[in-house]
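# Sequence and computational prediction follow.
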Amino acid sequence: MTLNRFIPGDKIQHKRYNEVIAKGVITKGPFVVENIDHYHVKWEWREDEEFLYMEHEDLICDLPSKKYRYDLV
């Protein structure tokens with residue numbers, strides 16, 4: 001399910017239901033793997049600061065879910 005919703009430079013937020021749990025910037029993408037968009041994200045803020053320290057950049061997939069989602073800021 002390719003959506004191509006984000007481009008490099010877009011600021012996004014990761015939500016659990018309606019609560020923001022992380023904010024970051026798309027650095028690369030989209031990469032389509034098995035019809036699902038994947039992006040590299042550099043996290044600027046995360047609910048768990050210790051985790052952020054260990055992992056500055058992450059690979060995410062833009063897959064529809066009732067619990068989690070990524071939105072533009």
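Sure thing, it's come through.
# Strands of the protein, start to end?
Secondary structure of the chain by DSSP state E: the strands cover 11-16, 19-33, 36-46, 57-61, 68-72.
# list the helices and strands the longest one packs on?
By that I understand strand 19-33. strand 11-16, strand 36-46, strand 57-61 (3 or more C-beta pairs under 8 Å, 6 or more residues apart in numbering; DSSP states H and E). Quick note: C-beta positions are derived from backbone N, CA and C, even for glycine.
# Give me the nearest residue to Asp62, chain neighbours excluded.
Nearest non-adjacent residue to Asp62, counting by C-beta to C-beta, 6 or more residues apart in numbering: Asp37, 4.4 Å away.
# Report the contact partners of that neighbour.
Counting by C-beta atoms under 8 Å, 6 or more residues apart in numbering, Asp37 makes contact with 2-6, 29-31, 61-62.
# Quick one, which of these has the minimum pLDDT?
Lowest pLDDT of these: Thr2, 59.
# Tell me where the model's unsure across the protein.
Low-confidence segments of the chain, defined by pLDDT under 70: 1-2, 49-55.
# closest one to Lys67 among the helices and strands packed on strand 19-33?
Smallest distance to Lys67 across the helices and strands packed on strand 19-33 (C-beta to C-beta): 6.3 Å, for strand 11-16.
# so that closest one versus strand 36-46, what angle?
90 degrees (axes from the mean of the first three to the mean of the last three C-alpha atoms, to 10 degrees).
# can I have strand 11-16 written out in PDB, keeping just the CAs?
Coordinates of each C-alpha in strand 11-16 appear next as PDB, following Å, rounded to 0.1, in the frame of the first residue of the first chain:
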ATOM      1  CA  LYS A  11       8.600  17.000  10.100                       C
ATOM      2  CA  ILE A  12       6.500  14.200  11.500                       C
ATOM      3  CA  GLN A  13       5.100  13.000  14.800                       C
ATOM      4  CA  HIS A  14       4.600   9.400  15.900                       C
ATOM      5  CA  LYS A  15       1.300   8.900  17.700                       C
ATOM      6  CA  ARG A  16      -0.100   6.200  19.900                       C
END
